[in-house]
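[1] coords please:
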Amino acid sequence: EVQLQASGGGLVQAGGSLRLSCAISGFTFDDYAIGWVRQAPGKEREGVSCISSSDGSTSYTDSVKGRFTISSDNAKNTVYLEMNSLKPEDTAVYHCNYHRMTWPFTDYWGKGTQVTVSS
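    Model (predicted):
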């Protein structure tokens, strides 16, 4: 089974930066995607970014394009989310998600890490 551990959250002023890490352990499949999903109080869960294991392709939600960068270090089994120019609206609990890209397309979730951006 896949285990995920997110870390790196904290309190930062607007305009600041944080780097989140998602450590992956346990059995992993050949074709998967790692995504970052955030949820702010009173708001729906929002997909932020993801990266594919097969070709390294990435995607971002519009609100973070140009500010956030997702990357992976396969040797360390870790995916990172570099967040720059942070805004108060980025405040949320950030979770990393492992999505198996082959049947049965299982999802695994880790505990989130809190990101708080003060104005």
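
[2] can you pull the contacts of the closest residue to residue 106 other than its chain neighbours?
    Closest residue to residue 106 apart from its sequence neighbours, by Cβ to Cβ, 6 or more residues apart in numbering: residue 100 at 4.6 Å. Backbone N, C-alpha and C define where each C-beta goes, glycine included. Applying Cβ atoms under 8 Å, 6 or more residues apart in numbering, we find residue 100 in contact with 29, 31, 32, 106, 107.

[3] try 6 Å this time
    For residue 100, the contacting residues are 29, 32, 106, by Cβ atoms under 6 Å, 6 or more residues apart in numbering.

[4] show me how to select, in PyMOL, the buried members of these.
    In PyMOL syntax, the buried subset of the contacts of residue 100 is picked out as below (16 or more other Cβ atoms under 10 Å):
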select buried, resi 32
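
[5] can you tell me which of the contacts of residue 100 is nearest residue 119?
    residue 32 (36.9 Å; Cβ to Cβ).

[6] for the closest one, give me its contacts.
    53, 98, 100, 101.

[7] in strands, which of the contacts of residue 100 appear?
    Counted as lying in strands by DSSP state E, out of these, are residue 32.

[8] pLDDT and distance to residue 43 for the contacts of residue 100 - can I get that in JSON lines?
    Listed next are the contacts of residue 100 as JSON lines, based on pLDDT from 0 to 100; distance: Cβ to Cβ, whole Å:
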{"residue": "29", "pLDDT": "76", "distance to residue 43": "31"}
{"residue": "32", "pLDDT": "91", "distance to residue 43": "27"}
{"residue": "106", "pLDDT": "91", "distance to residue 43": "26"}
